[in-house]
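Peer 1: Coordinates for the following, if possible.
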Amino acid sequence: MNLQEIKRKLETLSAAKNDTFSIEVSINGRLTKTLGRVMHMRKGSTVVPYKMEFSKQMLETVAESDINDIIGHEWAHYYITKKTGVNHNHDVEFKALCAEIGSFGTTTINVTRVVEIKHKYELFCSCCFKRVAVYDRKCKTVNNCGSFESTCCGSHLILQDNSENL
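Peer 2: Numbers count the residues shown, from 1 in each chain. Predicted coordinates:
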């Protein structure tokens, strides 16, 4: 799903409530654990949504039905905050709005991955070859993997560097 399709979906959700969708929407390549988010700012005692972001990784790897649920969830954050001037987080009113539009109202969702997520670095146990960790950035563990032991067998770790293939 691309940015224009996301915006159309958000505009359709707003139009169903006789509202106009009016904030910036973008795709963020750095979001990996967070699938989507709405950013707010304070204007006096009022909270105002000003930007919505979606994870690029999520858009590339998750089933379309789950993407639509995530878009609905983030739209519900936007809409209820815009209408009330209060950040409702995941309270009863927010959950009721999510239920009304057929989206999930919780902080977590089990998504269906249709494409495997690729990681730059994978660490394997040198005894049983079980994958024990994945990283997308170099860190102490990646740089010195031979100094660490796996929790499965207590053996040294082996690094598989996939960064050339990404």
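
Peer 1: Now do the contacts for Lys130.
Peer 2: If you count contacts by Cβ atoms under 8 Å, 6 or more residues apart in numbering, Lys130 has them with Phe124, Ser150, Cys152, Cys153. C-betas here are computed from N, CA, C, even on glycine.

Peer 1: make it 7 Å
Peer 2: By Cβ atoms under 7 Å, 6 or more residues apart in numbering, Lys130 lies in contact with Phe124, Cys152.

Peer 1: List phi and psi for it.
Peer 2: For Lys130, the backbone dihedrals are phi -70, psi 140 (criterion: degrees, to the nearest 10).

Peer 1: One more: Val47?
Peer 2: For Val47, the backbone dihedrals (degrees, to the nearest 10) come out as phi -100, psi 130.

Peer 1: Check the one 5 residues further on too.
Peer 2: Dihedral angles phi and psi of Met52 (degrees, to the nearest 10) take the values phi -130, psi 140.

Peer 1: Spell out which helix or strand contains Ile71, please.
Peer 2: If you go by DSSP states H and E, Ile71 is part of helix 64-84.

Peer 1: contacting residues around that helix?
Peer 2: Contacts of helix 64-84 from elsewhere in the structure, counted by Cβ under 7 Å, 6+ apart, are 1, 6, 9-10, 13-14, 17, 19, 23, 35-38, 40, 47, 49, 52, 58-59, 87-88, 93-94, 97-98, 101-104, 109, 111-112.
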